[in-house]
Each structure stands twice: as structure tokens, then as C-alpha cells.
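Chemist: Coordinates for the following, if possible.
(2 chains)
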Amino acid sequence: MNISTGIKELDYMIDGGLRTGQCYAIKGTAGAGKTVLSLFMTLGALKQNIPVLFISTEVEPSKIIDYVKSFGMDFDDYIKKGLLVVDKIALKPQGVNIVQTDKFDLSAIIARTKAKMDAIKAKLVVFDSISAFIAEFQYEKTARSGFMDFIREITKEDAALVLTAESQVSQEHATLEEFLVDGVIKIRSELIGNQLVKRISVPKLRSAQPISFENRFIINKDGIMILRSENPPTIFIQEEKIGIDKLDELLGGGIPAGSVILIEIDGETNYFPLFLTTLFHQLKKEKGVIIHSNVHMHSARILEEFNRVECDISSHLNEGNLVFIDKYNRTVTAVEAREMSQLMTTDDMISVTVELMEAFARTEQRSVIYGDLTDDVNILSETDFLRYFALQSFNVKEKRAVAYSFINHNAISREILARLRTTADIIIRFSRVNYTNYIECLKSSTGATFLPKIVKFRDKYPLIEIIG
Amino acid sequence: MEMKILFFTSPTCSWCPFIEQVLERIVREANHLELEIIDITKNIEMAEEMEIVAIPTIILPNNQRIIGAADEAFIREQLDFYLIMG
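Modeler: Residues are numbered from 1 along each chain as shown, chains lettered A, B, ... in the order given. Have a look, this model is predicted:
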């Protein structure tokens, strides 16, 4: 049985909700919002008419009921209906002296908890907090091992158990509870500027793959809000497609015509699988493809790569759907080149490109431009390059084309990269960590951005697969 | 005046039979003491009322608690302390 926490985003993070028979720990530093989160989980279950047993080790039940009123929750009604029991368990009742030894078990609270669960048929048990409870014992180790029995016995009753546990700021290693529980929900707060920012993550989840990113965690009067770090697209546009299903889906179905896409790569990552996959897709869709070829995107190499992966593009070549513009013409001798002052000026490049786009437009073909800008940045002066990029982007937008510009972000200055990013509509970044390639979207005109996703290369079309 | 020692036990507690013997011996020796043994699995209401957390728990007549198993000397010491102070 899955118990929704009442917080949609949290349900997503823990794979659909709290599962009965499993134990979850909410970890966080003091004041992170562990108790508030557990109270909202309680409310979430109650709203679905699932009985809850809430055990507090620190605060009197009447105080908790008062406390939740400040969040606009009314527990009294649920208590009257027999759906909720709020209880306090502490080792040392008020006004009692105790002496302790290290030979004991916790069968008394197991029996007491079970009796209360039976009374209301509780499917969710919240224990707030294990740290405060254990701290009362002189022999903490025995208490902890006794608590393992508690977890085992309660989850055996087909109920979900939620524990809250305090973690010290310095304490990054896992404590005993973390090994024992099936899921860990971690709340971390950090000071950014003068604002305390809370983040929530799920570092451990036994029933499913844990989610390895942190989301913003906000507590205010209206309740708990979890903002996903990954933005879903705000608008769905299907005018043009990149040609990699998963990527199009993440960007919101497709991309608008007139987009300038900046694909940032580091020098070590091979962007050809992405390049060839989208290129082949555009050719299949009968688009007019213009490639500003250079040392990386050399015509011979592209054809060779297509042959290697057994994609036939000869018909498109014959029909003239695929045009290469050689920026650095090797047939021109050095003397001629000097006479022409430059091998091919950027203005020439632009005018040729525009003419081609117009030619494609006459046959009602949309144009797609591919280019690797890395060398241009280094060969041209900064102003020339930025002017070239701005003019080309302008033409792309005017002619409703799509431009894919690849850039090695390690080989260019940060200022130039920042300017390119300003002009670009969509920024996709390739990165590599420990021989695993990742793709992420930093900016998109559809509003979508996504966190790094693992990329796998294949030797058949489509050459690229995005996982996760 | 009869005074009660409450002894909370459970079937899963391995130290309890020993403690029970010790307590019975103590009670036999003192004529004003009485022992009540409570199995929490059978009398959960009592455990709830006295807010018992761990087993074994001994509640002395002055409401002092001994949590966890201890040897005879320790229990006698706690009890004597109460009797002297009491």
C-alpha cells in the first residue's frame, strides 16, 4: 500500500509515496523542518482516511495539536473520528528519578505502540524524534539496538514508519538509523547571502532508484512547498524537432523555429553522435541542411561517419539537400589568399548562407545550419566573431531556420562564452565525469531546463541515447 | 504499612527470571514490602499508565526507577538508600 505524503513533489521523490512495511528517516539539522514535514505527512495520510499514530518524544500531545493550528491544520477532528492518536513517549516521566544499566530491551514501547496501532488500525506511525529519545539513555548503544527491534516489529504490522533524526552539521557519515531504514529523506539548510535556504533530497531509497539531486524545500504559513530544481517546460512547441526523442520531450515536445542552439562541449567529449543523429533526422524530414564545415565538421569525415553507422545519405546529397560551405578553402593558394585579404570573410559566409537559405525557401524547405564555432573564435578577432555570430543568429530568426552551434567551452574565453549564451535560445551542455557522458540543458526558450542526464552512445542510428 | 515494588517484565526478556528471584528474596526478608510482577504483554494498560519504555523496569516505593537488569547488590543498594532516606 502506498501512502501519499500529500506533497506531490515529495511523492515523486520517494517513488509514489510511503510504502507500508517500510521505514523512512527524515534527517536534518536542528530547525530544518523535520517535525513540520512529519506533521504534513500525517495530515496527508489523514486526508486519505488513513489512520495515523503520531509519537512525540519531546513535546506534549496538546502542544502539537496547538502547534499544527498555526499551519491551518485541525487535528482535533481527526482525533474525534478515531483516525489519529497523538502520544508522548519518554524514558523519564516528570518527577521520577531513574538509574540505568546496560541490560534492557525496548519491548515495552513496542507493546505499547502496537496496542495503540491496533486500536485505530494505524497504517502510518510517525516517531519524532529518535535522536531525542535515544539521548535519554545512558547506554545509547543498547538503546539503539533495542530500537532496531522497534523498527522491525512496527513495520511487520504492515504500516509505514517515519522516524525523524537529528544530524549534526559536521556529521556527514551515515549513522546507525541510516543503515537500518529503507529510505532517507534529508533536509539540509545553508546560508546564502543572509537567507537560510533549505534543500531536500533522498539519498537512500530501497524500493527504487534514489533521486540524486536536491530540491528547494520551503516552509511557510501555507504549508510545505518543494520546488523542483529541474524545470519542466512552460510551453509546448512542436514546430521543429532536434531529432532525439528524449531530448525533444525534455524540452517540451520540440523547439521553436528560429532557434539558435548552443551546444557546449569540453575538448574531450565527442559530439559527433549527437551531431550526426540530429543531422540525419533533419535530412529525413527533407530539410535543407547547411554545414559550415571546418577542421572538425569536415565534409569527408561526416560522410565517412555516416557510412560507418550505415546511414545512407547519398539521395539527400544528390538532391542538394545537404550543402557544405568550406570556410577555409584549401584550393586557394597563399598568394591568392593574401590578395583576398582573408580566406573567406565572415561577410561572405553570411551572404552565401543567406542565399542558400533563400534557395531552400523557394522549394519550401526549412533550413538547418550546423557549425563548429571553436576555431572561428580563435581565428577571428573578438568583435568580428561576435558580429558574425549576431548576424547569423539574426538571419536564422528572420528565415525561421534552426542553427546548431557547437563550441568547446574550454577553448574560449569566459566573456565570449557569456555573450554566446546571451544570444542563444537553447543551451545544451555536454560534460564528462569519470568516463560517463552527461547532457544537460541550461537555458531554453520553452522554459525547460534539466539536470545532467547520462548519455550513452550507440553504433547504430540513433547514435545517442539519453537515460533517466 | 505495606509498600509495593512494581516489577515490569515481558516473555522476551532474558534477564527477568533472575531479577524476579532476587526481588522475591528481598521481599521475603523485609516484612513491610510487597512485590507486584506485571507482564506487559498481558497488562498493557498498566505499562501505559506507568509510561514504561524499557524492560526490565523496577519501580521502587519512592517512585524511583531502575531501568535494566542489575545484580542483587545493586538493587539492595538502591532499596537501602531509599529506606535510609525514607
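
Chemist: What's the end-to-end length of stretch A:288-300?
Modeler: 19 Å (CA to CA, to the nearest Å).

Chemist: I'd like the mean pLDDT over that stretch, please.
Modeler: The average pLDDT within stretch A:288-300 is 84.

Chemist: Pull out the buried residues from that stretch.
Modeler: Under the neighbour-count criterion of 16 or more other CB atoms under 10 Å in any protein chain shown, stretch A:288-300 has A:288-294, A:296-297 buried. Yep, even glycine has a C-beta here, placed from its N, CA and C like the rest.

Chemist: Check stretch A:55-73 too.
Modeler: Under 16+ other CB under 10 Å, the buried positions of stretch A:55-73 are A:55-57, A:61, A:64-65, A:68, A:71, A:73.

Chemist: Can you get me the start-to-end distance on that stretch?
Modeler: Stretch A:55-73 has an end-to-end distance of 18 Å (criterion: CA to CA).

Chemist: which residues sit against that stretch?
Modeler: Stretch A:55-73 is contacted by residues A:36, A:39-40, A:43, A:54, A:74-76, A:79, A:86-90, A:113, A:125-130, A:132-133, A:221-223 when judged by CB atoms under 8 Å, 6 or more residues apart in numbering or on different chains.

Chemist: Count the residues that sit near the residue of chain B at minimum distance from chain A.
Modeler: Distance from chain A to each residue of chain B (CB to the nearest CB) is smallest for B:Gly68, at 3.3 Å. B:Gly68 is flanked by 25 other residues according to other CB atoms under 10 Å in any protein chain shown.

Chemist: again, but for A:Leu463
Modeler: 21.

Chemist: next one: B:Glu29
Modeler: There are 9 residues near B:Glu29, going by other CB under 10 Å.

Chemist: does stretch B:7-21 come close to chain A?
Modeler: Yes: using CB under 8 Å from any CB of the partner chain, stretch B:7-21 comes into contact with chain A via B:8, B:10, B:12-13, B:15.

Chemist: got a list of what A:Leu386 touches?
Modeler: For A:Leu386, the contact set (CB under 8 Å, 6+ apart) comprises A:416, A:419.

Chemist: Filter the contacts of stretch A:55-73 down to the buried ones.
Modeler: Using 16+ other CB under 10 Å as the burial test, the contacts of stretch A:55-73 include A:36, A:39-40, A:43, A:54, A:75, A:79, A:86, A:88-89, A:113, A:125-130, A:132-133 as buried.

Chemist: just these that are near chain B?
Modeler: Under the cut-off given by CB under 8 Å from any CB, chain B has A:Ile89 from these close to it.

Chemist: What is the nearest of the buried residues of stretch A:288-300 to chain B?
Modeler: Of the buried residues of stretch A:288-300, the one sitting nearest to chain B (CB to the nearest CB) turns out to be A:His296, at 70.3 Å.

Chemist: which residues does the residue nearest to the closest one when sequence neighbours are not counted contact?
Modeler: Setting aside the residues directly before and after it, A:His296 is nearest to A:Asp372 in space (CB to CB, 6 or more residues apart in numbering or on different chains), at 4.4 Å. Contacts for A:Asp372 (CB under 8 Å, 6+ apart) come out as A:292, A:294, A:296-297, A:405-407.

Chemist: Going along the chain, name the helices of chain B.
Modeler: With helices called from DSSP state H, chain B shows them at B:16-29, B:44-49, B:72-85.

Chemist: worst-scoring helix or strand of the chain, pLDDT-wise?
Modeler: No chain in the question, so chain A it is. When each helix and strand of chain A is scored by mean pLDDT, DSSP states H and E, helix A:334-339 comes last, with a mean of 57.

Chemist: Going along the chain from that helix, find the next helix or strand for me.
Modeler: Per DSSP states H and E, the first helix or strand lying C-terminal to helix A:334-339 is helix A:346-362.

Chemist: average pLDDT for that next one?
Modeler: 87.

Chemist: C-terminal to that helix, which secondary structure element comes first?
Modeler: Criterion used, DSSP H and E; the element after helix A:346-362 is strand A:367-372.

Chemist: Just give me how far that following strand sits from the chain centre.
Modeler: Counting by CA atoms, centre = their mean, to the nearest Å, strand A:367-372 is centred 29 Å from the centre of its parent chain.

Chemist: Residue 41: neighbour count?
Modeler: Chain wasn't specified; assuming chain A. 28.

Chemist: wait, chain B
Modeler: Using other CB under 10 Å, B:Thr41 has 18 other residues around it.

Chemist: A:Gln238 now?
Modeler: Each residue near A:Gln238 was counted by other CB under 10 Å, and the total is 11.

Chemist: check contacts around the closest residue to chain B within chain A.
Modeler: Scanning chain A for the residue nearest chain B gives A:Thr101, at 3.3 Å (criterion: CB to the nearest CB). Contact analysis of A:Thr101 by CB under 8 Å, 6+ apart lists A:139, B:66-70, B:74.

Chemist: In strands, which of those residues appear?
Modeler: When DSSP state E is applied, these are split such that B:66-67 fall in strands.

Chemist: Report the two of the contacts of A:Thr101 separated the most.
Modeler: Greatest spatial distance in those: A:Tyr139 and B:Phe74, 14.5 Å, computed using CB to CB.

Chemist: residues near A:Tyr12, how many?
Modeler: By the criterion of other CB under 10 Å, A:Tyr12 has 15 neighbours.

Chemist: which helices and strands does the helix or strand encompassing it pack with?
Modeler: Using DSSP H and E, A:Tyr12 falls within helix A:8-13. Judged by 3 or more CB pairs under 8 Å, 6 or more residues apart in numbering or on different chains; DSSP states H and E, helix A:8-13 is in contact with strand A:195-205, strand A:223-227.
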